[in-house]
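Novice: sharing a sequence plus its predicted fold:
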Amino acid sequence: MGIYSIVAFFQKGGLFMYPILLVFAVGMAIAVERWAQLNRIRSANHKIWNMLHPVLVKGEFDKARAIVNKDKSTMAQMLGMGLARQGAVRRRDDIEIAMEESMMEIIPQLEKRTPYVALLSNIATLLGLLGTIMGLIAAFTAVANANPAEKADLLSASISVAMNTTAFGLMCAIPLLLLHAKLTSTTGQIVDSLEMASVKALNNISNFAKRHFDRS
């Protein structure tokens, strides 16, 4: 399909093609922004965890606290809450609660605006259907007043044009729906990595405390 065919297809769809295009543009802008942000968060979390894990294994919690205090990643934010409690109370339950509280603040940040991508996908589909219905209404109204010999040709041409909006709505909705699924999957992977890190950190803290208790 050449550029002229695309332009002709768009023009034949009528006025509803413009709001569908606007919805698609907004949805794509949100999806690209969230994709870039989630990738940045995932990369930052991976980097800080690679630095922190060996330190936690050695039981150097003061050094770990210094590392997370200098970092702005979500991983550092969560582990910082736990390590702050570790330095104060040393009870596993309190440390776990602190990290869970931090997770409750982090997850909404990760999911922010992502649901709008799915919503805009549905809106694009519905606008396409609405445009087709309005086009069909106009088509049948025009046919009712047309010459009987021309009715069949006029109706078929009008229906073809009206269906353009549904086709365009679906063409916009499907990529947005796929992007929403990818964003949701990536968010889930980040949450899983945070949960994994919290469990490993808790185990390292507990093991260090147990070794320290056994020696004493």
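Specialist: Received, thanks. Residues are numbered from 1 along each chain as shown.
Novice: where's residue 202 relative to residue 95, distance?
Specialist: Residue 202 is 6 Å from residue 95, where distance means CB to CB, to the nearest Å. C-beta coordinates here come from the backbone N, C-alpha and C atoms, glycine included.
Novice: of these two, which one has the most company?
Specialist: Per other CB atoms under 10 Å, whichever of residue 202 and residue 95 has more neighbours is residue 95, with 24 against 18.
Novice: how near is that one to residue 113?
Specialist: Taking CB to CB, one finds residue 95 at 32 Å from residue 113.
Novice: also residue 170?
Specialist: 23 Å.
Novice: likewise residue 100?
Specialist: Distance of residue 100 to residue 113, given as CB to CB: 24 Å.
Novice: could I get the average pLDDT for the longest helix along the chain?
Specialist: Counting by DSSP state H, the longest helix found in the chain is helix 151-215. Helix 151-215 shows a mean pLDDT of 83.
Novice: for stretch 137-148, same thing?
Specialist: On average, stretch 137-148 scores 74.
Novice: could you give me the buried positions within that stretch?
Specialist: Within stretch 137-148, the residues that qualify as buried are 139, 143, counting by 16 or more other CB atoms under 10 Å.
Novice: wait, residue 189 sits on residue 42?
Specialist: Yes: Residue 189 is within contact range of residue 42, at 7.2 Å (criterion: CB atoms under 8 Å).
Novice: tell me which of those two has more neighbours.
Specialist: residue 42 (19 against 12).
Novice: name the nearest residue to that one, ignoring sequence neighbours.
Specialist: Of all residues beyond its chain neighbours, the one nearest residue 42 is residue 190 (5.5 Å), with distances taken as CB to CB, 6 or more residues apart in numbering.
Novice: likewise for residue 118?
Specialist: Nearest residue to residue 118, sequence neighbours excluded (CB to CB, 6+ apart): residue 180, at 4.3 Å.
Novice: ok, residue 198 next?
Specialist: For residue 198, ignoring the flanking residues on the chain, the nearest one in space by CB to CB, 6+ apart is residue 99 at 4.6 Å.
Novice: for whichever strand or helix holds the one you found, buried residues please.
Specialist: In this assignment (DSSP states H and E), residue 99 forms part of helix 92-111. For helix 92-111, burial by neighbour count (16+ other CB under 10 Å) applies to 92, 95, 96, 98, 99, 102, 103, 106, 110, 111.
Novice: contacts for that helix?
Specialist: With CB atoms under 8 Å, 6 or more residues apart in numbering as the test, helix 92-111 has contacts from 38, 41, 74, 77-82, 84-86, 89, 187, 190-191, 194-195, 198, 201-202, 205-206.
Novice: quick one: distance of it to the chain centre.
Specialist: 20 Å (CA atoms, centre = their mean, to the nearest Å).
Novice: could you do stretch 30-40 as well?
Specialist: 8 Å.
Novice: buried ones in it?
Specialist: Along stretch 30-40, these residues count as buried under the neighbour rule (16+ other CB under 10 Å): 30, 31, 34, 35, 38.
Novice: go on, stretch 108-124?
Specialist: For stretch 108-124, by 16+ other CB under 10 Å, it's 110, 111, 114, 116, 117, 118, 120, 121, 123, 124.
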